[in-house]
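Novice: Based on what follows, work out the 3D shape:
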Amino acid sequence: MSQTTVFPALHIEALQAWLRPRLPELEGPLTAHKVDGGQSNPTWILENGHCKWVLRAKPAPMATLMTSAHAIEREYQVLAALQTSKVPVPRVRALCEDESVIGVAFYVMDFVDGRVLRDVTLQDLSVAERAPYFHAMCDTLAALHKTDSRAAGLQDFGRWDGYFSRLIRRWGQQYLASVHTPSEPMDKLMTWLPAHIPSGADTSQDTCISHGDFRLENLIFDPREARVASVLDWELSTLGHPLGDLAYNCMTWHLPPGLLRGLAGTDTDALGLPSQRSYVQRYCQATGRDFAAFEADWPFYLAFNLFRLSAILQGIFKRHQQGMAASASAGEVGAMALPVAERGWALASGVVPAFIN
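Specialist: I've put the predicted structure just below:
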């Protein structure tokens, strides 16, 4: 699938003219390199010889997008709000909502140098080196959830109640709008999830800044140590429930290798990686949360996220069919929607345990 079906080539001259008064260090000709790998918002690395920036843009206009999909402006807003927080994020430089510049809205942020670890088994590291990277990921998520959203100016970044009810409905609608073959486990989850929302989980009492796609691949680590240098891909961020975000992060223990790079069925002890239980307990210690108080509800949080992920994957597959996908691997990734939903229903129905290692 040609990448030109996703987004036209950047109009470098127009872009450079718009950026010049906003980036004082921009001198000389600007070049752009398309970054592959993402499934949603197209991304480019911009260079002018001695400086690098990253441009994130909306895809080409698509009639099938959800109202809130590809919300570049929201990405920019949350990144700007977190600039002085304990959550490492890139420095944002400029937001352009004028689509006449390059055809769509976009924003530019500083390039952060470091390591992106796409293999959750961390095979490029020694066994002894691996656990600290998971610990750093866990601690960064905890730091995000402890950030005061009101103090950061994000009090209106989302609703303060009804998080799970709202998202179950929203992703159910997205699934129905994009599915081409009915999915029995998704249909079952659409009925089961609203009836099993944990008591108090939909109130405003436990609302935090939620990343929405917090996983190893969306982190940049320091080149030399197990320290998160930057958290990327804030497209799905909102005000939400912290355990929803945590469970999304923990799906990796429930997805097998080869299926969105999971850990299910692997010997985490032999790999030098933490178990899901110890990871969750570390998060609880960092946030002051009582693990025993929600352990029985953990299957719901996992099933909810697998339901949501399946709907996202189905949307990716539809964009692939329409020739509008942001990655050459969209067809392969989108085809995983059904097995992801099957695992979600297996958790919801009790066929598999919530803590498998």
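Novice: What sits closest to Thr31 if chain neighbours are left out?
Specialist: Glu47 (5.2 Å; C-beta to C-beta, 6 or more residues apart in numbering). In this view, the C-beta of every residue, glycine as well, is placed from N, C-alpha and C.
Novice: quick one: the strands in the stretch 101-250 of the chain?
Specialist: 106-110, 208-210, 219-221, 228-231, 238-240 (DSSP state E, counting those that start in this stretch).
Novice: Give me the packing partners of the last one, helices and strands only.
Specialist: Think strand 238-240. With contacts taken as 3 or more C-beta pairs under 8 Å, 6 or more residues apart in numbering; DSSP states H and E, strand 238-240 sits against helix 163-178, strand 208-210.
Novice: chain center to the first one: distance?
Specialist: Per C-alpha atoms, centre = their mean, to the nearest Å, the displacement of helix 163-178 from the mean C-alpha position of its chain is 17 Å.
Novice: What of stretch 343-353?
Specialist: With C-alpha atoms, centre = their mean, you get 23 Å for stretch 343-353.
Novice: Export that stretch to PDB, keeping only CA atoms.
Specialist: Once non-C-alpha atoms are left out, stretch 343-353 reads as follows in PDB (Å, rounded to 0.1, in the frame of the first residue of the first chain):
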ATOM      1  CA  ARG A 343      -8.900 -13.000  25.000                       C
ATOM      2  CA  GLY A 344     -11.000 -10.200  26.500                       C
ATOM      3  CA  TRP A 345     -14.100 -12.400  26.600                       C
ATOM      4  CA  ALA A 346     -12.000 -15.300  28.100                       C
ATOM      5  CA  LEU A 347     -11.000 -13.000  31.000                       C
ATOM      6  CA  ALA A 348     -14.600 -11.600  31.400                       C
ATOM      7  CA  SER A 349     -16.100 -15.100  31.500                       C
ATOM      8  CA  GLY A 350     -13.400 -16.500  33.800                       C
ATOM      9  CA  VAL A 351     -12.000 -19.000  31.400                       C
ATOM     10  CA  VAL A 352      -8.500 -17.600  32.000                       C
ATOM     11  CA  PRO A 353      -7.300 -15.900  35.300                       C
END
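Novice: nearest to Asn305, of the helices and strands packed on strand 238-240?
Specialist: helix 163-178 (9.8 Å; C-beta to C-beta).
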